[in-house]
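Visitor: when you get a sec, could you give me coordinates for this:
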Amino acid sequence: MVKEYNVAILGASGAVGRRMREQLEQSTIPVKSLKLLASNRSAGKKSTFRGKEYTIEETKPESFDGIDLVLSSAGGSVSKRFLPEAVRRGAVAVDNTSYFRMDKNVPLVVPEVNSGVLKNHHGIISNPNCSTIQMVVALKPIFDAFGLKQVIVSTYQAASGAGQSAWNELERESSEYLKDQKMQAKILPVKGAEKHYPLAFNLLPQIDVFEDDAYTHEEWKMIHETKKIFFDDMNSSKIKVTATTVRVPVPVGHGETVYFQVEKANEASAEAIQNAVADGAGLVLQDDPSQQLYPQPINAAGKRETFVGRIRPDLENDGSYWMWVVSDNLLKGAAWNAVQIAEELVKKDLVRVADPEKSYEMYKEN
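Guide: This next block holds a predicted model:
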């Protein structure tokens, strides 16, 4: 008899939450029941799943009674408050926020890269940052075949990465600009910042707040998440990683230029790297300069895969290469990666918490 699961989506009314529901609907997970949870502002709204209508409920600790699996994307403060409560009640949570990512007791997982660490979970598993996810998926087959010494990435990140409100603001600003009206920026680059700048017809070299070292927190996340995913150590010295993250006036789909230095320089070539990428899990190679074939965000939107092209050697430095990586930040960068993790948990029979009360205390101390 096939085991079925009681599932809850936390943050069900948001852009990622809605896509989690859609991806869950298309997944292999046997869903016995579904509970849609959000703030009291969204409570009462209706949504459909596998032909049945559901009403969004206000999130409370008791909302997780009887729940086996939680898919969460409701903001870090909400995850902090409610996910330990879900675990205490025996649920396993896959969290799309940044709150638990660097917790040593929380696996940071991209299924194509490091699904083996799921066996060590204590009730909460974290989705990495959207820009990190697509980069490590693209790097994984290269890492396996040739090793990696260093990665330098510059990102071109879509407005939707900052939420539905930022996406809406981009559309409004674009209309204002085309009508010769003054653009009213209220959200980007950071909603709580003193200054805001328009994204329409512009580029913003700031995503998240600036740290004391002049890197933004988004850049910090890409550096340390990559190290944790590949080596289970956010401060690993086994690979050098640095990043510059930029917000661009694109609705959906992050682009990244990734520069990398391999360990096995004598074995690597652009063609060998292309072949490795073409065979990589979750990857689509689009790389034919003669036909102007390369990944584009407009073509990646709505797709689960990560697209890679422009693979070429650095002509000045042996063993170093460039590539261009594009993915839908709301799907592979968020909702689909979370559902993939849930599928892995189901497949490996890991939808259970060994000691819910112990895990609760561990996370409450965070």
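
Visitor: which stretch of helix or strand covers residue 242?
Guide: Assessed by DSSP states H and E, residue 242 sits inside strand 240-247.

Visitor: and that strand, what's buried?
Guide: 241, 243, 244, 245, 246, 247 (16 or more other Cβ atoms under 10 Å). The way it works is simple: take the backbone N, C-alpha and C, and place the C-beta from them, glycine included.

Visitor: reformat the residues you listed as JSON lines; add pLDDT and distance to residue 88.
Guide: As requested, the buried residues of strand 240-247 are arranged in JSON lines below (pLDDT from 0 to 100; distance: Cβ to Cβ, whole Å):
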{"residue": "241", "pLDDT": "98", "distance to residue 88": "35"}
{"residue": "243", "pLDDT": "98", "distance to residue 88": "36"}
{"residue": "244", "pLDDT": "98", "distance to residue 88": "41"}
{"residue": "245", "pLDDT": "98", "distance to residue 88": "36"}
{"residue": "246", "pLDDT": "99", "distance to residue 88": "41"}
{"residue": "247", "pLDDT": "98", "distance to residue 88": "38"}
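
Visitor: need these in a markdown table (columns: distance to residue 19).
Guide: What follows is those, written out as a markdown table (distance: Cβ to Cβ, whole Å):
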| residue | distance to residue 19 |
| --- | --- |
| 241 | 28 |
| 243 | 25 |
| 244 | 27 |
| 245 | 22 |
| 246 | 24 |
| 247 | 20 |
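
Visitor: if you count neighbours, what's buried in stretch 212-232?
Guide: For stretch 212-232, by 16+ other Cβ under 10 Å, it's 215-230.

Visitor: quick one on the thing from earlier: out of the buried residues of strand 240-247, who's nearest residue 266?
Guide: Nearest to residue 266, judged by Cβ to Cβ, of the buried residues of strand 240-247 is residue 241 at 23.4 Å.

Visitor: okay, how far is it across stretch 8-17, tip to tip?
Guide: 11 Å (Cα to Cα, to the nearest Å).

Visitor: hmm, back to that, roughly how far is the strand holding residue 242 from the heart of the chain?
Guide: Offset of strand 240-247 from its chain centre (Cα atoms, centre = their mean, to the nearest Å): 15 Å.

Visitor: packing partners of that strand?
Guide: strand 148-157, helix 217-231 (3 or more Cβ pairs under 8 Å, 6 or more residues apart in numbering; DSSP states H and E).

Visitor: what's opposite the residue nearest to residue 59 when sequence neighbours are not counted in the beta bridge?
Guide: Sequence neighbours aside, residue 37 is the residue nearest to residue 59 in space, at 4.3 Å (criterion: Cβ to Cβ, 6 or more residues apart in numbering). Using DSSP bridges, the bridge partners assigned to residue 37 are residue 10, residue 57.

Visitor: can you get me a residue count around residue 37?
Guide: 27 (other Cβ atoms under 10 Å).

Visitor: let me see the contact set for it.
Guide: 8, 9, 10, 11, 12, 56, 57, 58, 59, 63, 74 (Cβ atoms under 8 Å, 6 or more residues apart in numbering).

Visitor: let me see the domain layout of the protein.
Guide: According to automatic domain parsing, the chain comprises the domains 5-127+333-364, 132-328.

Visitor: which phi and psi does the residue nearest to residue 264 when sequence neighbours are not counted have?
Guide: Excluding the flanking residues, the one nearest residue 264 by Cβ to Cβ, 6+ apart is residue 146, at 4.5 Å. Recorded main-chain torsions at residue 146 are phi -130, psi 0, according to degrees, to the nearest 10.

Visitor: go ahead and confirm residue 127 touches residue 111.
Guide: No: using Cβ atoms under 8 Å, residue 127 makes no contact with residue 111, being 10.5 Å away.

Visitor: need the overlap of contacts for the two.
Guide: 337, 341.

Visitor: so which of these two has more stuff around it?
Guide: Per other Cβ under 10 Å, whichever of residue 127 and residue 111 has more neighbours is residue 127, with 29 against 18.

Visitor: which residues does that one contact?
Guide: Contacts of residue 127 by Cβ under 8 Å, 6+ apart are 94, 95, 96, 109, 133, 334, 337, 338, 341.

Visitor: for this structure, give me the ranges with low pLDDT.
Guide: 366 (pLDDT under 70).

Visitor: now the helices: where do they sit in it?
Guide: Along the chain, counting by DSSP state H, helices occupy 15-25, 76-88, 111-114, 130-146, 164-178, 217-231, 270-278, 297-300, 336-347, 356-364.

Visitor: make TSV from those and add distance to residue 290 to it.
Guide: Compiled in TSV, the helices of the chain are given as follows (distance: least, Cβ to Cβ, whole Å):
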stretch	distance to residue 290
helix 15-25	36
helix 76-88	46
helix 111-114	29
helix 130-146	22
helix 164-178	34
helix 217-231	32
helix 270-278	14
helix 297-300	19
helix 336-347	32
helix 356-364	53
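
Visitor: highest average neighbour count across those helices?
Guide: Highest mean neighbour count among the helices of the chain (mean count of other Cβ atoms under 10 Å): helix 130-146, with a mean of 24.

Visitor: return the list of helices and strands in contact with that one.
Guide: Under the contact rule (3+ Cβ pairs under 8 Å, 6+ apart), helix 130-146 is packed against helix 111-114, strand 148-157, helix 217-231, strand 254-262, helix 270-278, strand 283-285, strand 306-313, strand 320-327.
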